[in-house]
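[1] task: produce atomic coordinates for the following.
(2 chains)
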Amino acid sequence: MELSERKLQILHAVVADFIYSAEPVGSRTLSRKYDMGISPATIRNEMSDLEDMGYLSHPHTSAGRIPSDKAYRLYVDQLMKDYEIPDTEKTIIAEKLTQNVRELERTVRYAATLLSEITNLASFAITPSRTENTLKYVNLLPVDERTVVLMIIGEDGKVSNANIRLEHEYAAENLELMSRVLTHNFKGKTINNILTLDIVKAFESDMFALHDFAQRIAPDFLDTLERMMTVDLYMEGLTNIFSIPEYNDIDKARCFIEMVQKRQQFTEVLVNRENGLIITIGSENAEDYMKDCSLVTADYRIDGRLVGKIGVIGPTRMKYGEVTSVLKYMSDNISRTFQLKGEKKDE
Amino acid sequence: MMEQYLELIKAHPAFEGITQDEDILWLRKCMEARVETFQRGATVFREGDERLFASIVLQGNALAVSADGHAEKIGAGGYLFREMPSGQSFYAPFTVLADTELTVFSMRVLRLYKLCSFRCVFHARLLENLHNYFK
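    You can find the predicted model right below:
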């Protein structure tokens, strides 16, 4: 059922007030604070209707109302006003993100820190899933007679390495030869694709001389490749939650910390999330452990292709307008930075 | 040792027209020719090494790995050099490993071009054969 203009106005006022005050909102407060041109009694009746319709709830301890997840959804979709980021803040974001473009991981981590500082929420960022990343270079470096470092470099600059302990001693020249052959054989292939190949078989049929060696390093080679595809999760500003009234209750705070510390689960949630600016509020989250939270994410792209995500997590009472504007501005800046980097590289 | 490989050597196109066993065996003197064997996995020579000898694979397989990692198998009859070597030596264009038990027949590069003091008739034929192959 569509809400009347007046109900929308009242709901907007309740949500906006509660977001900033964290206190249940009563009809008297609304009447006093907002010039609605209607009496407190009318506001009270409308609020009662909104409660019946599932937009507001009524905590036992207060005469005021608080918005439900449904109300926040309506607020986000229809009522929320665009937040204009102050120019000074825009400058700080743009400058700080472009100052740290040496490598993606560092920039993304920095963006997460910046995001938590600006929003006062817990923030996170994940690096892109690299299933489409291609191999650029393989190197086997001798450490001592029986230890080598295997280093694999992706076309996007991601480096993954492993220490390998060998049963037999291999001459440095053989390590170099093997590095060359592996690079030659797999350069330009996607990591995903290489993982499906029987790399030892290729040596068995064509290169007996290197077959033994290939067999010995194959498991480490594949593990190291697999690690290149893992998504890195960076979290910042977890302690910000202690200044949020919802988490004054130590048990709630502990639950929140425990939730975000389930890094693997949390990373999966983020990876599987749709791209774009996505807001999920409380019960909209599929995971039980996130039913009390809102999650806001935006994606960024590397060379317009690989997609990573950046976002915040916090109570459902969140400054959605401010958060979404900042998040969008930051993700656009990261994408632009790494687009430019890619273009420079191509020149 | 060369005696046991005489038939293989004579069958190689480089020695076409050189049919006498004693002529082949004479190469030991005029070309410092020798037969060498390598265990599987052994390095025959490395890319960039100065090679005084040009080698032909008699038995087994060699694995030639180029600087860019391209690996090529060189079987019996194949040459372990890319062009007709001249001068005193040549620099190995690739690294060669014995991909299996490997036997190669090697001749001193310097002697390939120099008509030897022994004035052996087959020397010129060998040179011609190699030139024809590498032209």
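[2] now A:Leu141, what's its secondary structure?
    strand (DSSP: H, G, I helix; E, B strand; the rest coil).
[3] need the contact list for it.
    A:Leu141 makes contacts with A:Val148, A:Val149, A:Met151, A:Leu175, as judged by CB atoms under 8 Å, 6 or more residues apart in numbering or on different chains. C-beta: built from backbone N, CA, C; applies to glycine.
[4] relative to chain B, which residue of the stretch 201-347 of chain A is the closest?
    Residue of the stretch 201-347 of chain A nearest chain B, by CB to the nearest CB: A:Ala209 (4.0 Å).
[5] and stretch A:64-79, average pLDDT?
    Average pLDDT, stretch A:64-79: 95.
[6] quick one: which of the contacts of A:Leu141 sit in helices?
    Of the contacts of A:Leu141, the ones assigned to helices by DSSP state H are A:Leu175.
[7] output the contacts of A:Leu141 as TSV; include the columns distance to A:Met47, neighbour count and pLDDT.
    Putting the contacts of A:Leu141 into TSV (distance: CB to CB, whole Å; neighbours: other CB atoms under 10 Å in any protein chain shown; pLDDT from 0 to 100) gives the following:
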residue	distance to A:Met47	neighbour count	pLDDT
A:Val148	71	24	92
A:Val149	67	14	94
A:Met151	64	16	93
A:Leu175	75	20	89
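[8] so which of the contacts of A:Leu141 is the closest to chain B?
    Ranked by distance to chain B (CB to the nearest CB), the contacts of A:Leu141 are led by A:Leu175 at 12.3 Å.
[9] which parts of stretch B:31-47 are buried?
    Neighbour counts over stretch B:31-47 (16 or more other CB atoms under 10 Å in any protein chain shown) mark B:Met31, B:Ala33, B:Arg34, B:Val35, B:Phe38, B:Arg40, B:Gly41, B:Thr43, B:Val44, B:Phe45, B:Glu47 as buried.
[10] near chain A too, which of those?
    Restricting the buried residues of stretch B:31-47 to those within reach of chain A (CB under 8 Å from any CB of the partner chain) leaves B:Arg40, B:Gly41, B:Thr43.
[11] so which of these are in strands?
    Using DSSP state E, the members of those that fall within strands are B:Thr43.
[12] from the ones next to chain A among the buried residues of stretch B:31-47, pick the one nearest chain A.
    Nearest member of those to chain A, counting by CB to the nearest CB, is B:Gly41, at 4.9 Å.
[13] distance check, that closest one against A:Arg216.
    13 Å (CB to CB, to the nearest Å).
[14] next up, the contacts around B:Ser106.
    Applying CB under 8 Å, 6+ apart, the residues contacting B:Ser106 are B:Ala33, B:Arg34, B:Val35, B:Glu36, B:Phe53, B:Ala54, B:Ser55, B:Ile56.
[15] of the buried residues of stretch B:31-47, which pair is most distant in space?
    Greatest spatial distance among these (CB to CB): B:Met31 and B:Gly41, at 28.4 Å.
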